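>>> Model the following, please.
(one chain, ligands or ions: 1)
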Amino acid sequence: MEFKKGPIEGVMITPFKKFVDERGWLAEIFRHDDLPAWFRPEMSYVSVTKPGVLRGPHEHVDQADLFCWVGPGDFKLTLWDNRPDSPTYLNRMEVAMGVNNPGSAIIPKGVVHCYRCISAEPGLVINCPDRLFMGKGKAEPIDEIRHEDDPENPFVKDERARRVHA
Ligand SMILES: Cc1cn([C@H]2C[C@H](O)[C@@H](COP(=O)(O)OP(=O)(O)O[C@H]3O[C@H](C)C(=O)[C@H](O)[C@H]3O)O2)c(=O)[nH]c1=O
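Predicted coordinates:
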């Protein structure tokens with residue numbers, strides 16, 4: 001399975017517009033009149049990743065993600081189109097996101113994704129997925145393929161990506 005650099009159908013990278021004034025700055029994260037009709041966020045969470053650490057590569061069967069980076073920290077986001085029926089199947093994208101490139105990435109289901117903190121400081125990421133984690137009342141199985149747990153995965157090999165706890 002060879003991936004080649006190229007655009008991925010359905011992935012939307014949106015740089016944030018910062019409104020700066022003497023108090024600081026403000027930026028919209030998303031507006032539904034800008035979102036594609038197929039994507040409506042259901043929840044949100046925030047995570048902090050230590051320098052050099054990779055989260056992913058992960059894939060969802062049903063969920064799409066809207067990841068946002070505003071800092072602190074900078075990341076390298078990598079995406080792989082793992083959808084055999086996609087016109088951009090086997091394409092791979094790398095995007096710089098974070099305090100120096102604030103913005104969001106909408107990632108459709110079936111697009112494998114990971115992001116590595118590449119700054120000397122820990123990096124913060126917010127995600128606004130279109131499915132509840134573990135469904136209503138956390139009563140369903142997690143919709144997630146954690147490719148990092150497969151030593152033969154064709155995406156990225158990074159021992160440290162694996163969670164220590166089960
Ligand atoms: C996502 C999520 C996680 N959790 C709990 C489950 C674990 O006990 C803990 C860490 O979760 P996880 O190891 O899944 O975190 P990551 O490996 O960073 O994965 C997350 O970020 C990568 C890049 C993804 O693509 C995943 O969709 C997303 O789960 O938080 C919750 O309680 N609610 C949530 O919505």
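>>> how about the residues of this protein near the ligand?
Contact residues, the chain versus the ligand (Cβ under 6 Å from any ligand atom): 45, 47, 55-56, 58, 113, 133, 144, 163. All C-beta atoms are positioned from the backbone trio N, CA, C, and that covers glycine.
>>> can you give me the strands for this structure?
Taking DSSP state E as the test, the strands found in the chain are 4-5, 12-15, 19-21, 24-26, 45-49, 54-59, 65-69, 74-81, 91-98, 103-107, 111-117, 123-127, 145-146.
>>> between the ones you listed, which gets nearest to E152?
strand 54-59 (12.8 Å; Cβ to Cβ).
>>> For the residue in the chain positioned nearest to the ligand, which non-adjacent residue is closest in space?
Per Cβ to the nearest ligand atom, F133 is where the chain lies closest to the ligand, at 3.2 Å. In this structure, F133 finds its nearest non-sequential neighbour in M43, 6.6 Å apart by Cβ to Cβ, 6 or more residues apart in numbering.
>>> who's in contact with the one you found?
M43 makes contacts with 128-129, 131-133, as judged by Cβ atoms under 8 Å, 6 or more residues apart in numbering.
>>> Of the residues you listed, which count as buried by neighbour count?
128-129, 131 (16 or more other Cβ atoms under 10 Å).
>>> Return the distance of the residue positioned nearest the centre of the chain relative to P84.
Among the residues of the chain, the one closest to the centroid is F67, at 4.8 Å (Cα atoms, centre = their mean). Plainly put, F67 is 24 Å away from P84 if you go by Cβ to Cβ, to the nearest Å.
>>> Same check on G56?
20 Å.
>>> Between those two, which has more neighbouring residues?
More neighbours surround G56 than the other of G56 and P84, with 21 against 8 (other Cβ atoms under 10 Å).
>>> residues touching the nearest residue to that one once chain neighbours are set aside, list them.
Excluding its sequence neighbours, the residue lying closest to G56 (Cβ to Cβ, 6+ apart) is C114, at 2.8 Å. Residues counted as contacts of C114 (Cβ under 8 Å, 6+ apart) are 54-58, 77-78, 148, 155-156, 161.
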